[in-house]
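1. 3D, please:
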Amino acid sequence: KEYRPGDTATFVIHTSMVGTTALITAETDGILTQKTLALSEPATTFRLPITRAHAPNFWLSVCCVRNKEFVHRQIPVRVSKRPWTLRVEVAADRQTYAPGDTATYRVRTLGPDGKPVPAEVSLGVVDESVYAIREDRANILTAFYPSRYSQVSTEFSFPQIYLSGGDKSGVPGEVRKEFPDTALWVPSLRTNARGEATVRLKIPDSLTSWRATARAHTRETFVGQAASKVTCRKELMVRLQTPRSFTARDSATVSAMVHNESGAEQQVQVSLQASGVRLEGEARRRLRLRPGQVQRLDWQITTEQQGRCRLVCTAQADGGPRDAVEQQFPILPHGRARREAIAGTLSGDGTAEAPITLRPDSTGVMEVGLYLAPSLAAGMLSALNYLAEYPYGCTEQTLSAFLPDLVVHRAMKRLGIGSARLEQAIPDMVNTGLQRLARFQHDDGGWGWWEFDRSDVRMTAYVVQGLLTAQREGFAVNPEVLQRGVAWLRERARDWMVRGIPRLGTPRRLAYGAPPDEPPAAFLRPPTRHDPAPLIPLERSEALLALAEAGTGDVVTAALTTPTDATADVEDARILARLCLAAAAAGQATEANRLRERLMAQAQESSLFCHWQNDPEATALALQALLSGRATAAVGEHLASPRAARLEPKIVRWLLAQRDGDHWRSTWATSRVLFALVDFQHARGEMAPAFTVRPSFNGKPLRPVRFGRADLFRPELRLEVPSEWVRPGENLLRLEKQGRGDLHYTLRLRQYSGQEDVPVLLADCGITVARTYHLLRPGRDPDTGAFRLVPSEKAVTRMRAGQSYLGRIVIQSPRAYEHVVIEEPLPAGCEPLDRGRVDEYDWRHWWTEVDVRDSQIAFFARTLPSGKQVLEYYLRAAVPGRYHVMPTEVSGMYDPEVRGGGAETRVEIR
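-> The predicted structure is shown next:
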């Protein structure tokens, strides 16, 4: 039974404990009503007035005590949500449209009493086929007024017992080419006092049904939703059936489905135009279609080289209706990619020459570009594009996609130079990233590489630093998310001290079993000869730096207060640099100076360059540590040493030389380098350029370029080098510069080997990869005896359209590696069978995350264990043809030396 506010509910209490007194409560997250009632009869009636506070449900609890026995019963009671229900109506002015028509949607909002009320409405119009993948079952009324559990505990002292609840065509002659999934999205549409609003929509080219969904709410929190559908169709329709992408050298069957919905027999001429591919056979066909008939036509195409494939299919009835559809598909390159990049800086008048050597069998050069810039900032902008467009979205990459933009944008504002692109893009980038990071936060408050792995100190420290930066820049950061992250890091730091793990920066040990309420310094004891050598892990230095920036000086100061020789055994420049930055942030200027001197003592310096450990991340952190000395000069605590001032430009020169195209070793390293370059730019400034550069490639001149002050914060200028200028073997880039300022240049080249069958990649790290396909057919499970789809023992390379197959990847590794990505290209004629999102409790795999895309599947492993590991996935053969499947690639996301690759596979689908 469901009650309404204003009703009086009648309950009957049946009991054998006649003569006792019962406590009766209406409970949710608290007690709504309470009273005592004498149980004088075996059946006692009790009446309760129902109010709005009882909606949408409550729990009626009855408890009593007799002879030291405690008895408790409760039942759920439903109360109508009607007083909060907003009636929403959404309808189009017609039910059927043609592509390009204008549809007018009318939205009405009515209150619980049926009278019009003004409301705020979100309206979306989406292709109905999207809901075939996953139905939209969200209910706004349930979201705002969910069923409540009883969270009230009832206690009885003898004995003590706790009881509680749980918690698609236009006018003739036009070609349909726009096929969006979402035709309209209006996040905030307001109805007027009559409860009405209208929206106009130009119907896209998709021949489909469109579902309009409206969700609305009022100031009184009345909520409701509604949906309606319209259809886009034509009298004569043609649809293309193709793979979603191709690989160079593929051969595929392209099909056109021609529909006659005119109600009369039609003589139809169908033609296919193809560019970027070779079309086999006759391009024009004729057919006769009865009313309602659908007929399929096939063509064979071959993709000869990478690029884009454009297909235009036209169906024209004699003297009757017409339809034409255009679709474009990427043609992925054949082979294993090899990238080359040369970068440098040319100061003053002079000439620079940069040789580049290509393999003798090099073919299919995809891109040769020369990038020129008069400032570090211009190079930073291209690195920002790399971070924003990186294809995957783990915790680190989610943060790296927007945090460097904030830092670079802040530096530009300090110099009085704006960027319209960043001004417009940053709010959406930051807010989207903050929402994703909040979703990725684990129950313990930390972050891991992905959503469902274990919390990780490096990731948590990086996220905390990012949230603090976003907060300083004026963005609304959820304080609970930030506080939980800081608390998780504090707890880890406390664990390191209490459990006897060596303190950062000191060889002393902490006694086991020390009282947890005493300050950390009380746990110190002198080292003995039985103690192991001091260990200063990288993760702890990262945590301390994040805690220092978060203002938790007690933990940082306790960890950094060390004897003068405490860091004598520390060799990792990343640790020294972070400790120096943490000391500076915590106000420990003396300790920061000492760590800075230790860091400079480890520098590897030459006449032109300076670096640490030949590592961009370590070198960038060291540069930030040296620059942090300038920050305290204003209050007289530290002046940048002459050596630091001499090293800084050499460090920047080395970092620029290590850039691989538009980025450094990884997304992580790219972010770190950008932070350091921004700090350097702010500390040093950059003179206004006024120079001309004349570039040439293999003796052939490119156009000369003039740079001035207005170009300081513009993106790098790209000059295209014609591919025919590039030759196997030796090539030479030459730059002649005249004028004032620094020229930063980068030559980027990407090529693919010309061999037909790409072999296994034999890497120094020892990782090997093998891939096979197996037919899925009904069989008995050897373990359970139940019938299910069982993969064939023998691998197959010939498939039949419509059947399902299992893809199996076997990885052999001599040792364990961290943060590994396995990228598995799919046969162009196959569709991956994604079984939907798996929640944390159902995850049973050794890898951490999987990303299913049109042309490949990517697996992410927080740890790739040593030995043999197997990955399996499902796919369905869809489009007949002969396909080249490029090798499976295994790589370390943050370590380019970790790499392995399988061999090319050829698949035929019939």
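2. so the protein: which segments form each domain?
-> Annotated domains of the chain cover 2-80, 83-232, 236-332, 342-355+367-375+686-751, 571-637+655-683, 757-909 [automatic domain parsing].
3. G433: which of those is closest?
-> G433 lies closest to domain 571-637+655-683 among these, at 12.8 Å (Cβ to Cβ). Bear in mind the C-beta positions are built from the backbone N, C-alpha and C, glycine included.
4. all helices of the stretch 51-200 of the chain, in order?
-> When secondary structure is read from DSSP state H, counting those that start in this stretch, the stretch 51-200 of the chain shows helices at 130-133, 140-144.
5. could you do the stretch 351-500 of the chain as well?
-> Along the stretch 351-500 of the chain, counting by DSSP H, counting those that start in this stretch, helices occupy 376-389, 395-400, 403-414, 420-440, 457-472, 479-498.
6. just to revisit the earlier point, could you tell me the least trusted of the helices of the stretch 51-200 of the chain?
-> Mean pLDDT per stretch puts helix 130-133 lowest among the helices of the stretch 51-200 of the chain, at a mean of 79.
7. got a list of contacts for it?
-> Outside helix 130-133, the residues that touch it by Cβ atoms under 8 Å, 6 or more residues apart in numbering are D181, R211.
8. now that helix: buried residues?
-> Within helix 130-133, no residue is scored as buried using 16 or more other Cβ atoms under 10 Å.
9. stretch 105-112 too?
-> For stretch 105-112, by 16+ other Cβ under 10 Å, it's Y105, V107, R108, T109, L110, G111, P112.
10. what's the answer for stretch 443-460, then?
-> Result for stretch 443-460 [16+ other Cβ under 10 Å]: buried residues 445-453, 455-460.
11. where is pLDDT lowest across the residues you listed?
-> F452 (77).
12. pLDDT at the spatially most central residue of the chain, what is it?
-> Centroid-nearest residue in the chain: G393, 2.2 Å away (criterion: Cα atoms, centre = their mean). Note for G393: predicted pLDDT of 73.
13. OK, contacts around A795?
-> A795 neighbours (Cβ under 8 Å, 6+ apart): T772, Y773, H774.
14. what's near enough to touch the residue lying closest to V199 once chain neighbours are set aside?
-> Setting aside the residues directly before and after it, V199 is nearest to Y105 in space (Cβ to Cβ, 6 or more residues apart in numbering), at 4.7 Å. Applying Cβ under 8 Å, 6+ apart to Y105 gives the contacts V90, A91, A92, D93, L123, V125, T198, V199, R200, L201, A212.
15. re earlier: closest to T10 out of the helices of the stretch 51-200 of the chain?
-> helix 140-144 (27.2 Å).
16. thinking again about what came up before, give me the number of residues near the nearest residue to the residue nearest to the centre of the chain once chain neighbours are set aside?
-> Closest residue to G393 apart from its sequence neighbours, by Cβ to Cβ, 6+ apart: R436 at 7.0 Å. When neighbours are defined as other Cβ atoms under 10 Å, R436 has 15 of them.
17. before we move on, what about L279?
-> Counted with other Cβ under 10 Å, L279 comes out at 16.
18. ok, now Q305?
-> Neighbour tally, Q305, other Cβ under 10 Å: 14.
19. same thing with L560?
-> Residues near L560, counting by other Cβ under 10 Å, number 24.
20. just T797 next, same as before
-> So T797, with other Cβ under 10 Å, has 12 neighbours.
21. do the same with L32
-> Counted with other Cβ under 10 Å, L32 comes out at 17.
22. can you verify my assumption that it contacts I24?
-> No: L32 lies out of contact with I24 (Cβ atoms under 8 Å); the separation is 11.4 Å.
23. how long is stretch 310-328 end to end?
-> Taking Cα to Cα, to the nearest Å, the first and last residues of stretch 310-328 lie 5 Å apart.
24. thinking again about what came up before, so which of the helices of the stretch 51-200 of the chain gets nearest Y873?
-> Nearest to Y873, of these and by Cβ to Cβ, is helix 130-133 at 17.4 Å.
25. could you export the closest one as CSV, CA atoms only?
-> C-alpha atoms of helix 130-133 as CSV (Å, rounded to 0.1, in the frame of the first residue of the first chain):
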residue,chain,number,x,y,z
VAL,A,130,22.5,4.7,-29.3
TYR,A,131,19.9,3.4,-26.8
ALA,A,132,20.2,-0.1,-28.4
ILE,A,133,23.6,-0.2,-26.8
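26. which elements pack onto the helix or strand where E591 lies?
-> If you go by DSSP states H and E, E591 is part of helix 589-601. Applying 3 or more Cβ pairs under 8 Å, 6 or more residues apart in numbering; DSSP states H and E, we find helix 589-601 packed against helix 573-585, helix 616-631, helix 642-657.
27. just name the most buried of those.
-> When those are scored by mean count of other Cβ atoms under 10 Å, the highest mean neighbour count falls to helix 573-585 (a mean of 26).
28. re the thing from before, can you redo the buried residues of stretch 105-112 as TSV with distance to Q751 and pLDDT?
-> Output for these, formatted as TSV (distance: Cβ to Cβ, whole Å; pLDDT from 0 to 100):
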residue	distance to Q751	pLDDT
Y105	52	94
V107	55	94
R108	61	95
T109	60	94
L110	65	93
G111	67	91
P112	68	89
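29. filter those residues down to just the ones in strands.
-> In strands, defined here by DSSP state E, the members of those are Y105, V107, R108, T109, L110.
30. where along the stretch 651-800 of the chain do the strands fall?
-> 690-697, 700-701, 705-707, 717-720, 729-740, 742-753, 768-780, 787-791, 798-799 (DSSP state E, counting those that start in this stretch).
31. G6 - how many residues pack around it?
-> With other Cβ under 10 Å as criterion, G6 counts 10.
32. distance check, it against T51.
-> 8 Å (Cβ to Cβ, to the nearest Å).
33. and for R646?
-> 78 Å.
34. quick one on the thing from earlier: so for the residue nearest to G393, what's the pLDDT?
-> Predicted confidence (pLDDT) for R436: 88.
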